[in-house]
Every structure is written in structure tokens, then in C-alpha cells.
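> The sequence and its predicted three-dimensional model are supplied below.
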Amino acid sequence: MKNITLVQKELLTWYNKHGRHELPWRKTDDIYHIYLSEIMLQQTQVNRVRDEYYPQFLAKFPTLASLAETPLDDVLAAWSGLGYYSRARNLHKTAQLSQKSLPKTFKELLALPGIGQYTASAICSFGYEQNVPVVDTNIARVLKRYFALLHVKDKTVWEYAQKLLNHKEPRNHNLALMDLGSMVCLPKNPKCAECPLQANCQGKEEAELYTQKKKKEYESLELFYGILVQDDKIALTPARGNMYKNMLELPSVEPIEEDYLGSFKHAYTKYRLHVKLYKIYTCTEVVWVSIDELHKAPVSSLTKKALSTVLY
DNA sequence: CTCCGGTGTG
DNA sequence: CACACCGGAG
């Protein structure tokens, strides 16, 4: 590739002018804050993390040590509604495994639960300012288009990221690629006219060739949950399956027509859930949760949605 | 109803 | 390497 230094420079110039410098986890050098932001940002939109979960979570658990000594229930309660709850379980586990602070090497970080190749690199680059490449989906899309990498393995994309890496300013370089991917080099309808790399971009003519192609086949499921309220408390029960492990949910019931209360839809991954709610009169393995304190309970959005259809 | 996105497991 | 895992925004 030619003019690599020039490309790096144009990228940084664009970043200085258009980058998302105001994101709270970019204005701190607290490695715990940076780590937390990366875990939350896995599979989750920036705005929700920035405006809601990140500030609230840090207010509740200001240090890695405070997180480590908190019961898992409370961590899951703070994560409630954010989804992908294994992230919260792994976060808690990693806090307990880390003595005082997170390790400083890529290899040690990668060994911790919930930290894969991307997150280990991101912590090394954004937190420790180490001279390492970072590749998330946004950066991968930028690199694939720019270098016209069709049908390549992830390993190849990482090699291009390494080749393009700006060793003078690796952190800002990586952040620049990331912002370019999420603001300009969009999966659909990329804004090539605004792109600082457009002149030498090898993929701009057929930009859609480099985006993920996913096949979707949905599976419909009908679920029945029981509602039991006594003294302003709702009957919940420990979640059975692996998905909402360590959380609370409504008890599953057999549908009885005369006890029908209402229904709603919910969706995740390939599943399309049709949920029906029924009055019940007893509940085994019950955990009573005060309706006023539901926000302190480890429950999913599915459970919250169910409760909001029958309470108030 | 479609889109978007890392890690862990088998 | 395929698949499970979430939820809100558009």
C-alpha cells in the first residue's frame, strides 16, 4: 500500500474534527471505567450505554473492588434491561479474579471471562495506550472496503489493521477508524462523500459486498406466565434455563382460559415470543419482590414488559 | 418486522 | 465454524 503515512494523517485530521471525543469513557484514564464501557458496548448501542447504564452502574459500583464484593444479584439488577446477561456474570467474575486492578497485558486480559480478542485489544489501546491494532465490526468494515478484502478470514483483517496502525498515535488512530466506521462507512448507504479515505478506497463502488450477510429464520414460541400479587409484592421465581441464569422471572404455568389476563410480544435473536399472562393462586419456589423495589431486582426486559402489562 | 453488534460453547 | 445469546431504534 502506498502513502500510508498520508492516509494515517488524513484519518487523524478527520478524527480531530469529527470524532466522538465527548464519550465519557474516552475522557477518563480509569481502566475500570474503560473496561466497563467496552463490556457494555458489546452488542449494545452507544446511546443507551452512555445515557443510562454506564453512569448508573458506575454510581452504584465506582471501583472494581466494590464490584467484586457485591452479590451477583445486585450486579444483574444494575444490568437489568441491557440484555446479554452473561456479560454481567462475567464482569462480576472478572472483578473477583482481578486483584485490585485489571492486568496490563493482552494475554492476561484475554484469559479473563467476557474478554475476547476485541475487548482485550480495546483495553490495551484505549486504556493503556499500547501500540496494538483494534478490530471491531465497524473497523473491519472500513478495512475490508478500503482494501477490497472480499471473503477473507478475521485473521487477515487483523493483519491489515496491524499494517495500517499508526505507531505514533495508536489510540487515536484506532478510535478514528472506529468512528469512521460507525459514522461514515455505514453498513448500508455509506457516506463516501464525507470520507477522508475515499480517494484510495478500493471498495466504495460496491460497498455492500463487504457487509455481513446474515440469514434469518425465525422461530415462534408461545409462553405462559403466572401472575400472583399479594400485599404489593409480586411472586417471582429463579430462572430455570441458562439464558436468564441467576435472575428472577415469572413462574411458568399451564394456560387456563378463565384466568387469562393479557398478552404481549417479545423478541430476541431468532425467537419471536408470544407471551400470555394468567392469574395464579399459588407458587412454588417463590421469591416475593416488592413492586416498589422491582428496579432493584435482577429481571429481564421480558419480565419487565410482562409486569408492566398487568401492574398499575 | 429489520437492523445492529462480541464472546463462549460445542 | 455454527450457533446461542438481548433489546431498543428505525
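Right, received. Where do you want to start?

> How about the residue most central in space within chain A, nearest residue that isn't a chain neighbour?
In chain A, the residue lying closest to the centroid (CA atoms, centre = their mean) is A:Gln42, at 2.9 Å. Using CB to CB, 6 or more residues apart in numbering and skipping the chain neighbours, the partner closest in space to A:Gln42 is A:Arg87 (6.3 Å). Backbone N, C-alpha and C define where each C-beta goes, glycine included.

> likewise A:Arg48?
Closest to A:Arg48 by CB to CB, 6+ apart is A:Leu82, at 7.5 Å.

> mind checking how far the one you found is from A:Ala176?
27 Å (CB to CB, to the nearest Å).

> pretty sure the residue nearest to A:Arg48 is in contact with A:Gln43, am I right?
No: between A:Leu82 and A:Gln43 there is no contact, the gap being 9.6 Å when judged by CB atoms under 8 Å.

> What values do phi and psi take at A:Gly181?
Dihedral angles of A:Gly181 (phi, psi; degrees, to the nearest 10) stand at phi -70, psi -40.

> Mind telling me which residue of the stretch 1-150 of chain A is nearest DNA strand C?
Nearest to DNA strand C, among the residues of the stretch 1-150 of chain A, is A:Gly83, at 3.1 Å (CB to the nearest atom of the strand).

> Show the contacting residues for A:Asn3.
The contact partners of A:Asn3, by CB atoms under 8 Å, 6 or more residues apart in numbering, come to A:Asn200.

> Next one, pLDDT for it please.
Looking at A:Asn3, its pLDDT stands at 88.

> what does the one 5 residues further on give?
pLDDT, the model's per-residue confidence, is 97 for A:Gln8.

> what helix or strand is it on?
helix A:4-18 (DSSP states H and E).

> ok, A:Asn172 to DNA strand B distance?
18 Å (CB to the nearest atom of the strand, to the nearest Å).

> so what's the single nearest residue of the stretch 101-250 of chain A relative to DNA strand B up against?
Closest to DNA strand B within the stretch 101-250 of chain A is A:Gly116: 2.5 Å, counting by CB to the nearest atom of the strand. Applying CB under 8 Å, 6+ apart, we find A:Gly116 in contact with A:Leu110.

> on that earlier part again, please report phi then psi for the residue nearest to the centre of chain A.
phi -60, psi 120.

> how close does it get to A:Arg20?
Separation of A:Gln42 from A:Arg20 (CB to CB): 17 Å.

> ok, now A:Lys305?
Using CB to CB, A:Lys305 is found at 31 Å from A:Arg20.

> low-scoring stretches of chain A, by residue?
The model of chain A has pLDDT under 70 over residues A:1-2, A:213, A:215.

> can you pull out the helices in the stretch 1-150 of chain A?
Counting by DSSP state H, counting those that start in this stretch, the stretch 1-150 of chain A has helices at residues A:4-18, A:31-41, A:46-48, A:54-60, A:64-68, A:72-79, A:86-97, A:106-110, A:117-122, A:137-146.

> Enumerate every residue touching the closest residue to A:Leu197 other than its chain neighbours.
In space, and not counting its chain neighbours, A:Leu197 is closest to A:Tyr146: 5.7 Å by CB to CB, 6+ apart. Taking CB under 8 Å, 6+ apart as the criterion, A:Tyr146 is in contact with A:197, A:200-203.

> Quickly name whichever of those residues is closest to DNA strand C.
Out of those, the member with the shortest distance to DNA strand C (by CB to the nearest atom of the strand) is A:Gly203, at 21.6 Å.

> For that closest one, give me phi and psi.
When read as degrees, to the nearest 10, the backbone of A:Gly203 gives phi -120, psi 0.
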